[in-house]
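S.K.: With the sequence up front, the predicted model follows.
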Amino acid sequence: MKRKTGFFLFSLLILLSLNGCNSREVNEDIFQYKASYVGDNSTVGNIVKLLLNSEYLDGFELKTIEEPYGILINYKGISAEDIEKNYKETAIYNATFIFTLVKNAKWITFNFDDQEYKITKQELESWYGKELSEYMSEEDLTKLTQKYLKDENKVNQFFEK
């Protein structure tokens with residue numbers, strides 16, 4: 001019963017605190033989680049809740065048994081005119097923030113209803129040509145992501161590795 005109540009409260013919190021995948025502004029407190037670790041379930045959960053649209057979030061898992069450490073994030077029921085474009089942009093945007101905030105995260109797998117994208121920190125930093133750990137504000141990181149996400153060819157090239 002306690003677990004069900006916790007899950008319900010967690011889901012309710014997500015529903016109340018989020019407002020979209022890419023067209024939103026992340027809660028200004030998100031950088032309070034800078035220098036977090038994959039092993040800190042509650043902190044990573046808070047980051048995921050702030051970034052992901054809870055209507056589509058179907059949970060996440062932390063992979064901390066052996067290095068490199070990573071995160072699995074599951075979505076369900078996303079429907080839009082250009083699904084593939086939304087999946088890719090959502091994955092890149094959220095991975096950028098997670099890698100910036102979570103020190104030891106080296107990979108993230110985004111599972112959508114019918115598509116999976118695995119992004120590594122090394123690949124993403126290479127794509128940007130910048131080290132994500134250098135970013136200290138939501139505003140600067142959002143500017144970086146929006147600059148790259150507006151170029152659909154560049155986004156598609158990232159996933160054609």
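M.R.: Received, thanks. Residues are numbered from 1 along each chain as shown.

S.K.: got any ranges where this protein has weak pLDDT?
M.R.: For the chain, the stretches with pLDDT under 70 are 1-28, 53-54, 79-84.

S.K.: tell me, what residue is most central in it?
M.R.: Closest to where the C-alpha atoms of the chain average out (Cα atoms, centre = their mean) is Asn94, at 2.7 Å.

S.K.: Look up the closest residue to that one, ignoring the ones flanking it.
M.R.: If the residues on either side of it in the chain are set aside, Asn94 comes closest to Leu51, at 4.8 Å by Cβ to Cβ, 6 or more residues apart in numbering. Yep, even glycine has a C-beta here, placed from its N, CA and C like the rest.

S.K.: Grab the longest helix from the chain for me.
M.R.: Taking DSSP state H as the criterion, the chain has its longest helix at helix 83-101.

S.K.: Show me what secondary structure element comes after that helix.
M.R.: Going down the chain from helix 83-101, the next helix or strand is strand 105-111, by DSSP states H and E.

S.K.: separation between Thr96 and Asn104?
M.R.: Going from Thr96 to Asn104 by Cβ to Cβ, to the nearest Å gives 16 Å.

S.K.: and the two? which has more neighbours close in?
M.R.: Thr96 (25 against 16; other Cβ atoms under 10 Å).

S.K.: That one touches Glu125, doesn't it?
M.R.: No. Contact criterion Cβ atoms under 8 Å: Thr96 and Glu125 do not qualify, at 9.6 Å.

S.K.: Can you show me the CA trace of the longest helix of the chain as PDB?
M.R.: Provided in PDB are the C-alpha atoms of helix 83-101 (Å, rounded to 0.1, in the frame of the first residue of the first chain):
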ATOM      1  CA  ILE A  83       6.600  11.600 -34.300                       C
ATOM      2  CA  GLU A  84      10.200  10.800 -35.300                       C
ATOM      3  CA  LYS A  85      11.200  14.500 -35.100                       C
ATOM      4  CA  ASN A  86       9.700  14.900 -31.700                       C
ATOM      5  CA  TYR A  87      11.400  11.700 -30.400                       C
ATOM      6  CA  LYS A  88      14.800  12.800 -31.500                       C
ATOM      7  CA  GLU A  89      14.500  16.400 -30.300                       C
ATOM      8  CA  THR A  90      13.100  15.200 -26.900                       C
ATOM      9  CA  ALA A  91      15.900  12.700 -26.500                       C
ATOM     10  CA  ILE A  92      18.600  15.300 -27.300                       C
ATOM     11  CA  TYR A  93      17.200  18.000 -25.200                       C
ATOM     12  CA  ASN A  94      16.600  15.900 -22.100                       C
ATOM     13  CA  ALA A  95      20.000  14.100 -22.500                       C
ATOM     14  CA  THR A  96      21.800  17.400 -22.700                       C
ATOM     15  CA  PHE A  97      20.300  18.500 -19.400                       C
ATOM     16  CA  ILE A  98      20.800  15.200 -17.700                       C
ATOM     17  CA  PHE A  99      24.400  14.900 -18.800                       C
ATOM     18  CA  THR A 100      25.100  18.500 -17.600                       C
ATOM     19  CA  LEU A 101      23.600  17.900 -14.200                       C
END
